[in-house]
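Engineer: Sequence plus predicted model, see below.
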Amino acid sequence: MTEIGITYYAPGLPAHGNQAEAAFIDGKLFIDGIAIDVPITDIGVTLGGFNHNQVFLFWHKEEGRFAISPVDADALSRLRELAPEPLAGLLKSAVKDSARKQRRSRFGLSVLGLFLLLPLLLLAVLFWQSHEVAGWAAGHISIENEQKLGEIAFKQATAGMKLRQGGIDASAIQEIGTRLTKGSKYSYHWYVAEDPSINAFAVPGGYVVVNTGLIQAADSAEEVAGVLAHEVQHVELRHTLKNILHSLGLRAAFSLALGDIGGSALGDFAANLAELKFSRDLESEADRQGLSALKHSGIAPQGMVSFFDKLRKQEGATPPALLSTHPASAERMQILQSMVNEQGNWQSKPLPYDWVVIKASAR
């Protein structure tokens, strides 16, 4: 019996899943030696991840949604080799679809990047002052153009993801987000992604995505509000746009210099949008302004501190996805708590949501 390394997602397991071994015996799926009481014909295949290269096998039972994903390329290869029909056919189609989407992403964003940023790339190459050029460029991009860029980047970054705007969890996200962004110059769009990883990200122009994994990991609406308050400040302060311009500037310049007009670096950028890393200064600025947004909205601040601290304590060999872009060091937690203390007490009321019910709906 050949076993396949997988990550196993199931009701009652941690949102990031558990490591396990899968095998196929006599046309049945086994996980850690236990047969899964679901016909092979009832198991579906879908793609996930911002690179469209993560394959999930999923099925539904009375307890909720179950899924497995191979841990690496070798595990995926063995899965395709050993899976019985019709799973083998579905896996073959999914892998082809993944390759096609990656090619489309590379082509679409390379054309967009070259069209919008060519003058800036020339300046960056000439003076080799990428950060200064990015800041200058962001200041000369209109809100309208930023939202157009954000719309394109959003479509690229979320291709293959299962998004929705309906459901009580999505309604709560939209209501909290709208409260935090009242009076903003941006028109925000709020989405919930059916994804078990603990993650959320915001795209220039006001597109915000929250994974169901994050909703389930939060213990209160105030914790989610803290994450949203922080994320939208990256939009309000144009941090993400500046990082886009900086990242595309140098990478596209190299692509042009080497004659790679297809610009694989450019094309990969949108698919990896949620992997943007912000500097400590930008993180602190987003924390501070996020706390101000919470205060202005009458929402208690401790949820922001408790959620990021909760993620910090979970950090290990495989940290929550949100920590890959928002490092939650002990020092940062101390600074964040100091910011809360500096703000002082403010009037707030508990957010009017039954989070136990909302977490259940997110499953």
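Structural biologist: In hand now; what should we look at?
Engineer: Tell me how the protein divides into domains.
Structural biologist: Per automatic domain parsing, the structural domains of the chain span 4-84, 104-362.
Engineer: Can you get me the start-to-end distance on the first one?
Structural biologist: End-to-end span of domain 4-84 (CA to CA, to the nearest Å): 14 Å.
Engineer: quick one: average confidence on that domain?
Structural biologist: Computed over domain 4-84, the mean pLDDT rounds to 89.
Engineer: Identify all contacting residues around stretch 343-358.
Structural biologist: Defining contact as CB atoms under 8 Å, 6 or more residues apart in numbering, one finds that stretch 343-358 is touched by 168-169, 172, 176, 215, 218-222, 225, 291-292, 295, 298-301. Every residue, glycine included, has its C-beta placed from N, CA and C.
Engineer: let's see it at 7 Å
Structural biologist: Residues from elsewhere that reach stretch 343-358, judged by CB atoms under 7 Å, 6 or more residues apart in numbering: 168-169, 172, 176, 215, 219-222, 225, 291, 295, 298-301.
Engineer: How about that stretch, which residues are buried there?
Structural biologist: For stretch 343-358, burial by neighbour count (16 or more other CB atoms under 10 Å) applies to Leu351, Tyr353, Trp355, Ile358.
Engineer: just stretch 168-186 next, same as before
Structural biologist: Taking 16+ other CB under 10 Å as the basis for neighbour counts, the residues of stretch 168-186 that come out buried are Asp169, Ala170, Ser171, Ala172, Ile173, Gln174, Ile176, Gly177, Arg179, Leu180, Thr181, Tyr186.
Engineer: List the ones among the residues you listed that fall in strands.
Structural biologist: Restricting the buried residues of stretch 168-186 to those inside strands, with DSSP state E as the criterion, leaves an empty set.
Engineer: These in helices, which ones?
Structural biologist: Filtering the buried residues of stretch 168-186 for membership in helices, criterion DSSP state H, returns Asp169, Ala170, Ser171, Ala172, Ile173, Gln174, Ile176, Gly177, Arg179, Leu180.
Engineer: okay, these in TSV with distance to Ser69 and pLDDT next?
Structural biologist: Supplementary listing: these in TSV, determined by distance: CB to CB, whole Å; pLDDT from 0 to 100:
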residue	distance to Ser69	pLDDT
Asp169	22	96
Ala170	24	96
Ser171	29	97
Ala172	27	97
Ile173	25	97
Gln174	29	98
Ile176	30	97
Gly177	29	97
Arg179	35	97
Leu180	33	97
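Engineer: Helices of the protein, residue ranges please.
Structural biologist: 73-82, 87-127, 130-139, 143-157, 168-180, 212-217, 221-236, 239-257, 264-271, 280-297, 302-314, 330-343, 355-362.
Engineer: Where neighbours are concerned, which of the contacts of stretch 343-358 has the most?
Structural biologist: When neighbours are taken as other CB atoms under 10 Å, the top entry among these is Ala225 (29 neighbours).
Engineer: how about stretch 88-108 as CSV, C-alpha atoms only?
Structural biologist: The C-alpha trace of stretch 88-108 is given here as CSV (Å, rounded to 0.1, in the frame of the first residue of the first chain):
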residue,chain,number,x,y,z
ALA,A,88,-8.0,10.2,-11.8
GLY,A,89,-9.8,12.0,-14.6
LEU,A,90,-10.9,14.9,-12.4
LEU,A,91,-7.3,15.3,-11.1
LYS,A,92,-5.9,15.3,-14.6
SER,A,93,-8.4,18.0,-15.7
ALA,A,94,-7.6,20.1,-12.6
VAL,A,95,-3.9,20.0,-13.2
LYS,A,96,-4.4,21.1,-16.8
ASP,A,97,-6.7,23.9,-15.6
SER,A,98,-4.1,25.0,-13.1
ALA,A,99,-1.5,25.4,-15.8
ARG,A,100,-3.9,27.2,-18.1
LYS,A,101,-4.8,29.7,-15.4
GLN,A,102,-1.2,30.4,-14.5
ARG,A,103,-0.4,31.1,-18.1
ARG,A,104,-3.4,33.4,-18.4
SER,A,105,-2.4,35.2,-15.2
ARG,A,106,1.2,35.7,-16.4
PHE,A,107,0.1,37.1,-19.8
GLY,A,108,-2.7,39.4,-18.4
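Engineer: how about the nearest residue to Gly44 once chain neighbours are set aside, what does it touch?
Structural biologist: Taking CB to CB, 6 or more residues apart in numbering, and ignoring the residues beside it in sequence, Gly44 has Phe58 as its nearest neighbour in space, at 5.4 Å. Under the criterion of CB under 7 Å, 6+ apart, the contact partners of Phe58 comprise Gly44, Thr46, Arg65, Phe66, Ala67.
Engineer: now do Gln54
Structural biologist: By CB under 7 Å, 6+ apart, the contact list for Gln54 reads Leu47, Gly48, Ser69.
Engineer: ok, the last one touching Tyr8?
Structural biologist: So the one you mean is Ser69. No - the pair Ser69 and Tyr8 does not pass the contact test of CB atoms under 7 Å, sitting 8.5 Å apart.
Engineer: which residues do these two both contact?
Structural biologist: Counting by CB under 7 Å, 6+ apart, Ser69 and Tyr8 have no shared contacts at all.
Engineer: Tell me which of these two has more neighbours.
Structural biologist: The neighbour comparison of Ser69 against Tyr8 (other CB under 10 Å) goes to Ser69, with 21 against 17.
Engineer: if I pick the more buried one, what's in contact with it?
Structural biologist: Under the contact definition (CB under 7 Å, 6+ apart), the residues listed for Ser69 are Ile6, Thr7, Gln54, Val55, Phe56.
Engineer: Run a quick neighbour tally on Ala35.
Structural biologist: For Ala35, which is what you asked about, the neighbour count (other CB under 10 Å) is 12.
Engineer: what does Gln147 give?
Structural biologist: Counted with other CB under 10 Å, residues neighbouring Gln147 total 19.
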